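Participant: Turn this into a model:
(2 chains)
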Amino acid sequence: MADSSPTTPTPFDLDYAAAPESTSIVSIAERYSLFIGGDWVEPRSEATFTTVNPATEEPLAEIAEAGADDVDRAVAAARAAFDQWSSWPGRERAKVLYRVARLLQERSREFAVLESIDGGKPIKESRDVDVPLAAAHFFYYAGWADKLGYAFPGQRPSPVGVAAQIIPWNFPLLMASWKLAPALATGNTVVLKPAETTPLTALLLAEVLQEAGMPPGVVNIITGAGATGAALVDHPGIDKVAFTGSTEVGKHIQRSLAGRDVRLTLELGGKAANIVFEDAAIDQAVEGVVNGIYFNQGHVCCAGSRLLVQESVADLLLDKLKRRLDTLRVGDPLDKNTDVGAINSLAQLDKIEELVASGVAEGAQLYQPDCPLPERGWFHRPTLFTDVSLSHRIAREEIFGPVLSVLTFRTPDEAVAKANNTPYGLSAGIWTEKGSRILWMADQLKAGVVWANTFNRLDPTSPFGGYRESGFGREGGRHGLEPYLELTDLVAT
Amino acid sequence: MTDRLDVRKTYKLYIGGAFPRSESGRTFAVEGHDGATLAHAPLGSRKDLRDAVAAARSAQGGWAGRTAYNRAQILYRIAEMLEGRSAQFIDELARGAGATGVDPAAEVRASIDRWVWYAGWADKIAQMAGGANPVAGPYFNLSVPEPSGVAVVVAPDDPPLLGLVSRLAPAIVSGNSAVVILSETAPLAALTFCEVLATSDLPGGVVNVLTGRRAELVPHAAAHRDVDVLDLIGVDDSGLRTDAERAAADSVTRVIRPRPADTDWSHDASQRPDLILASCEIKTVWHPKGR
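Facilitator: Just a heads-up that it's a prediction; the model follows:
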């Protein structure tokens, strides 16, 4: 009927054509062994596991699973390399790290494609965020290597020793860079364990390290799951543990290090509040909220997973937010138009679905766009819950998926009380045009990073880390050096 | 006519700015060098500890909200009050056990100077440990140290006053409140020190002080979910320490890592800005730049 009307244009398909990134630049081996002492070595455990493309459920490669013997070998290699590496002039350590940064930039497309294949994140994010930031971290910390004497006034720095670094699956290459760059700049040697679902870019990074002239044993990369990580933490030969991951595992690590003289930094979970006031630039806030929770499928520890919106603008904001959700493109991570890629693993998809079901069961109102999902692979629609109260599980527990819980508030005090009503304290967002309120709110919020009128910004010069059960210690900036240094007082006065 | 009898002191806890007895009604005898009983100190209970943490929590926001200049003046005021009563503390330290290697007069002088030293940090630590970060984008971003919240400090036995002061002053100067568990063997001078705190314009509840058995109090302090920082410097028993560190993990409580210089209390190396930062969080705040 409408079609026959002369004043109504004929509907036509506004959808984008597929724009897949070519995978020809990447070659994935059938099998990967462990990177220990500068060599690729077969695991003594003789165990392997499979890493899978979460967008297709197809196996990508067989990965060595390091056992206790292999951990022992890796720690020994790091120990053996320590005297040499720590005694290198800072200037020379800097040059190696600068080379790593440059090689990452040169091979950025290869790393981005591999990251998206192995982890499921959209290519536009791995290309524009993960890989450039990873290179930037090496570049930033390279410049510290020969300036450490200026970093802590009145104190003489020396490296801690062998650092055990355990990283998560949400930003595999970026987290490897966050961990490695400050540890190496300060003269430590490292045993790095990537997550079992996303080992490939860390293993490719091993190639880059070799090419950059990193001495053998300075960085050792061992693959495996929780048992490998536990063996590494329990190893008597380590001097420091740096862990990024879940609060549950973080607590376990802190417990198991009790009574040992091993330094620890933890970067754990979050349940960040993104707080929108009635005077905020609403369209920008909507973009910020979407970026805050749907970036990287919500697999972000600092994700803005709780939207606190002032009651007077809640309806307006929610209308706009739902309309924006309808435009998000879910699907093939390698398609350059994709906004929301694949959920990293089946286990994680199950966890997200279980928590979404609990939200429905507890009476919150579910909204999801009616977008098609690929038939294969692990995907989840961008999800929004309204009518959420503080006691709901979806408002309290970290979901680590594309699920936003919306709560309302009337006064700034109420917003602060609700934002801080969580055991976590990693990040927070404030959206208001009023500068004095931003500064007041930033003071009140118990969070290590506060984004005002923006969200999810990261930079190597900026300390990042949590309050309370989001962990302790900072990564990034001058502050990110301290966990890797012993400081001796010069006592100038 | 008999000679005048001395008026002996009833030692009490210090919680929320008041001097209560232990709710448990228990005390323990504190002995001097010669083994004679000097006084009975309150044997603090788990309930006293909870009350102390609650008082510390409710006082913390107001203390952190004061200007750094004001906190600096109050820490300096503590030094003033201690100086005025130094003779009393020298006397009390000399009678008590525990102060084996340190001359009481030197200990009191060093304690006073330590408050003066930390007082000066109140309005400087943010400039030393914070700053603007040159991010690669159109953003203004800065990092500042903030107090973590409530700190529990287990004071060492020796020296009882200087050891306590050396850990308490850096804990509170940034705006934390504190719960202190005093030395078991020589707590009396430190309990008297609470009278100094109470008359130094320090708001009630910012520092709360318990005497009692470490083995009884430390496990509860370590497991308390409303404690943000744990300083176990005074816990000599390695089993007790390990258990406390393990319990602290349940709420990811920060445990202050001791350094070798930390027990050389009279040396300047035991006063350091990184002891202030050990009970601080670094907060980074971002804002876009634009027209």
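Participant: burial count for residue A:45?
Facilitator: 18 (other CB atoms under 10 Å in any protein chain shown). Just so you know, the C-beta spots here come from the backbone N, C-alpha and C atoms, and that holds for glycine as well.
Participant: which SSE is it in?
Facilitator: Element membership for residue A:45, per DSSP states H and E: none, as it lies in no helix or strand.
Participant: what does residue A:319 give?
Facilitator: Under the assignment here (DSSP H and E), residue A:319 is part of helix A:311-326.
Participant: Against residue A:14, how distant is residue B:2?
Facilitator: In this view, residue B:2 and residue A:14 are 106 Å apart by CB to CB, to the nearest Å.
Participant: and the residue in chain B sticking out farthest from the centre, how far is that from residue B:138?
Facilitator: For chain B, the C-alpha farthest from the mean C-alpha position belongs to residue B:291; by CA atoms, centre = their mean, that distance is 47.9 Å. Spatial separation of residue B:291 from residue B:138 under the definition CB to CB is 10 Å.
Participant: and what of residue A:345?
Facilitator: With the distance defined as CB to CB, residue A:345 ends up 36 Å from residue B:138.
Participant: Get me the contact residues on the stretch 1-150 of chain B for chain A.
Facilitator: B:128-129, B:131, B:133-137, B:139, B:141, B:143, B:148 (CB under 8 Å from any CB of the partner chain).
Participant: Find the centremost residue of the chain, please.
Facilitator: Reading this off chain A. In chain A, the C-alpha nearest the mean C-alpha coordinate belongs to residue A:171, at 4.2 Å (CA atoms, centre = their mean).
Participant: Not quite, go with chain B.
Facilitator: For chain B, the residue whose C-alpha lies nearest the mean C-alpha position (CA atoms, centre = their mean) is residue B:168; its distance is 2.7 Å.
Participant: Would you map the helices across the stretch 1-150 of chain B?
Facilitator: Taking DSSP state H, counting those that start in this stretch, the helices of the stretch 1-150 of chain B run over residues B:46-65, B:68-84, B:86-95, B:104-121, B:125-129.
Participant: same thing with the stretch 301-450 of chain A?
Facilitator: Ranges of helices within the stretch 301-450 of chain A are A:311-326, A:346-361, A:393-396, A:412-419, A:435-444, based on DSSP H, counting those that start in this stretch.
Participant: which residues sit in contact with whatever residue of chain B ends up closest to chain A?
Facilitator: As assessed by CB to the nearest CB, chain A sits closest to residue B:242 within chain B, at 3.2 Å. Remark: with contacts taken as CB atoms under 8 Å, 6 or more residues apart in numbering or on different chains, residue B:242 is in contact with A:258-259.
Participant: host element of it?
Facilitator: Residue B:242 belongs to helix B:238-248 when elements are defined using DSSP H and E.
Participant: average model confidence for that helix?
Facilitator: Per-residue pLDDT values over helix B:238-248 give a mean of 98.
Participant: can you check stretch A:41-60 too?
Facilitator: Rounded mean pLDDT across stretch A:41-60 is 97.
Participant: is residue B:179 in a bridge, and if so with what?
Facilitator: When bridges are called by DSSP bridges, residue B:179 pairs up with residue B:152, residue B:208.
Participant: Next: residue B:255.
Facilitator: With DSSP bridges applied, residue B:255 shows beta-bridge pairing to residue B:230.
Participant: surely it meets residue B:245?
Facilitator: Yes - using CB atoms under 8 Å, residue B:255 is in contact with residue B:245, at 5.6 Å.
Participant: what is in contact with these two at once?
Facilitator: Residues touching both residue B:255 and residue B:245 comprise residue B:232, with contact defined as CB under 8 Å, 6+ apart.
Participant: quick revisit: now the helix holding residue A:319 against helix A:412-419, angle please.
Facilitator: Between helix A:311-326 and helix A:412-419, the angle formed by their directions is 50 degrees, by axes from the mean of the first three to the mean of the last three CA atoms, to 10 degrees.
Participant: Show me the contact partners of helix A:311-326.
Facilitator: Under the criterion CB under 8 Å, 6+ apart, residues A:276, A:278, A:280, A:282-283, A:285-287, A:289-290, A:307, A:309, A:367-371, A:382, A:384, A:386, A:406, A:408-410 lie in contact with helix A:311-326.
Participant: Please repeat the previous calculation with a cut-off of 7 Å.
Facilitator: Defining contact as CB atoms under 7 Å, 6 or more residues apart in numbering or on different chains, one finds that helix A:311-326 is touched by A:276, A:278, A:282-283, A:285-286, A:289-290, A:309, A:367, A:369, A:382, A:384, A:386, A:406, A:408-410.
Participant: on that earlier part again, pLDDT at the residue nearest to the centre of chain B, what is it?
Facilitator: Reading off the per-residue confidence, residue B:168 sits at a pLDDT of 98.
Participant: which helices and strands sit right next to the host helix or strand of it?
Facilitator: Taking DSSP H and E as the definition, one finds residue B:168 inside helix B:160-173. With contacts defined as 3 or more CB pairs under 7 Å, 6 or more residues apart in numbering or on different chains; DSSP states H and E, helix B:160-173 has these neighbours: helix B:68-84, helix B:104-121, strand B:150-154, strand B:177-181, helix B:188-198, helix B:273-277.
Participant: Point out where the stretch 1-150 of chain B drops to low pLDDT.
Facilitator: Within the stretch 1-150 of chain B, the segments meeting pLDDT under 70 span B:1, B:97-101.
Participant: Tell me the spatial nearest neighbour of residue A:132, not counting adjacent residues.
Facilitator: The shortest distance from residue A:132 to any residue other than its chain neighbours is 7.0 Å, reached at residue A:108 (CB to CB, 6 or more residues apart in numbering or on different chains).
Participant: Unless I'm misreading it, that neighbour sits right up against residue A:129, doesn't it?
Facilitator: No - the pair residue A:108 and residue A:129 does not pass the contact test of CB atoms under 7 Å, sitting 11.5 Å apart.
Participant: Quick check: residues of the stretch 101-250 of chain A near chain B?
Facilitator: The stretch 101-250 of chain A has residues A:136, A:153, A:247, A:250 near chain B, with proximity defined as CB under 7 Å from any CB of the partner chain.
Participant: Please give me every residue in contact with the second one.
Facilitator: Contacts here follow CB under 7 Å, 6+ apart; on that basis residue A:153 touches residue B:128.
Participant: circling back: more crowded one of residue A:345 and residue B:138?
Facilitator: More crowded of residue A:345 and residue B:138, by other CB under 10 Å: residue A:345, with 19 against 9.
Participant: and residue A:330, how far is that from chain B?
Facilitator: 28 Å (CB to the nearest CB, to the nearest Å).
Participant: Go ahead and confirm that residue touches residue A:377.
Facilitator: No - Residue A:330 is beyond contact range of residue A:377, at 10.5 Å (criterion: CB under 7 Å).
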